[in-house]
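>>> Take a look and give me a structure for this.
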Amino acid sequence: MKIAIIGAGNMGGAVARGVASGSIIATSDIYVSNPSSAKLDALKAEFPEINVTTDNCEAAAVADLIILAVKPWKVEQVIAEIKPCVEYSRQAIASMVGGLGITQLSQWLDKGDGKLPATYLIIPNTAIATKSSMTFIASAHSSESLDKDIVDIFNELGVAMMVEEGLIPAGTSLASCGIAYALRYIRAAMEGGVELGFRADDAKRIVMQTLRGAVEILEANSSHPEVEIDRVTTPGGLTIKGLNAMEASGFSNSVIEGLKASTKI
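Predicted coordinates:
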């Protein structure tokens, strides 16, 4: 499979680097376009076999999968630019733009003959830069085999999950916005650690390792979080006192309300 990535910014550049360092797509089968050459030059320096261009049509025309990784207000313009250069019968088009649905993409992709390409929404989070993304993928006009191929590609950049389009906003809230929420917890725990006497860097290291441990416990035991919480909450103990104090301050409700709020466009 040949892939074209339109846009070499933070997200497009991260995808290009991740796919190029993976095992599924040959680096020579990756094409990246960007209006300016500086980011392209940086990619080329890291991966000499990658193909770079400032011409979106040049990149799109040769690809089996075209990924739009541009700013939301540029999507319609880019589609209009590449539409004459692509053949819907053999090419798939994916958008990595949050808040943009398949219906809108289909309207912009329509050439007037009623034919549409396999169309994807691919919503990663910023951890894709370290190949640790939680990526949600929704499709229309596609095939099971193509869906699988695309999930496999993004599984090399973290964990990819095929979902119904209606779940994309919830996935964005849990995983894309969720990165910020997790980081806010880390910041709050660091501040608490400093108040308790640790230096800030030490507090950060402690909290990060504690979160890694929590995730690894859940993965190793395939258990529910509450099961693991019960293991460390002895009657009258410190943990249950801390948990109850957090709940009294609205911890769980704040998380849930934040997730719900971030699904509203």
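>>> What residues sit buried inside stretch 23-38?
By 16 or more other CB atoms under 10 Å, the buried positions in stretch 23-38 come out as 25, 27, 29, 30, 31, 32, 33, 34. Any C-beta I mention is one placed from the backbone N, CA and C, and that applies to glycine too.
>>> go on, stretch 104-112?
105, 108, 109.
>>> mind checking how far it is from the chain centre?
24 Å (CA atoms, centre = their mean, to the nearest Å).
>>> again, but for stretch 166-179
With CA atoms, centre = their mean, you get 9 Å for stretch 166-179.
>>> What of stretch 47-60?
That offset, for stretch 47-60, works out to 22 Å (CA atoms, centre = their mean).
>>> what do you get for stretch 197-207?
That offset, for stretch 197-207, works out to 28 Å (CA atoms, centre = their mean).
>>> could you dump it to PDB, C-alpha only?
Extracted in PDB, the C-alpha atoms of stretch 197-207 (Å, rounded to 0.1, in the frame of the first residue of the first chain):
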ATOM      1  CA  GLY A 197       7.600  17.500  50.800                       C
ATOM      2  CA  PHE A 198       8.900  16.200  47.500                       C
ATOM      3  CA  ARG A 199      10.800  18.200  44.900                       C
ATOM      4  CA  ALA A 200       8.700  18.800  41.800                       C
ATOM      5  CA  ASP A 201      10.800  16.600  39.500                       C
ATOM      6  CA  ASP A 202      10.700  13.800  42.000                       C
ATOM      7  CA  ALA A 203       7.000  14.100  42.500                       C
ATOM      8  CA  LYS A 204       6.500  13.900  38.700                       C
ATOM      9  CA  ARG A 205       8.600  10.800  38.400                       C
ATOM     10  CA  ILE A 206       6.700   9.200  41.300                       C
ATOM     11  CA  VAL A 207       3.200  10.000  39.800                       C
END
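>>> Would you mark the buried spots in stretch 193-201?
For stretch 193-201, using 16+ other CB under 10 Å, the buried residues are 193, 198.
>>> Contacts for stretch 81-95, please.
For stretch 81-95, the surrounding residues in contact (CB atoms under 8 Å, 6 or more residues apart in numbering) are 6, 56-57, 60-61, 63-68, 75, 79, 105, 109, 111, 115-122, 142, 146, 150.
>>> nope, stretch 257-265 is what I was after
99, 169, 170, 172, 173, 174, 177, 178, 181.
>>> Helix, strand or coil: sort out the second one for me.
Yep, that's residue 169 we're talking about. Following DSSP: H, G, I helix; E, B strand; the rest coil, the label given to residue 169 is helix.
>>> got the residue ranges for the strands in the stretch 1-150 of the chain?
With DSSP state E, counting those that start in this stretch, the ranges of strands along the stretch 1-150 of the chain come out as 3-6, 30-33, 51-53, 65-68, 92-95, 118-123, 133-140.
>>> which one of the ones you listed is the most hemmed in?
strand 3-6 (a mean of 28; mean count of other CB atoms under 10 Å).
>>> biggest helix in this structure, by residue count?
helix 200-221 (DSSP state H).
>>> Show me what counts as buried in that helix.
Within helix 200-221, the residues scored as buried using 16+ other CB under 10 Å are 203, 204, 207.
>>> And the closest residue in space to the last one that isn't next to it in sequence, how close does it get to residue 258?
Excluding its sequence neighbours, the residue lying closest to residue 207 (CB to CB, 6 or more residues apart in numbering) is residue 189, at 4.4 Å. Remark: distance between residue 189 and residue 258 (CB to CB, to the nearest Å) = 17 Å.
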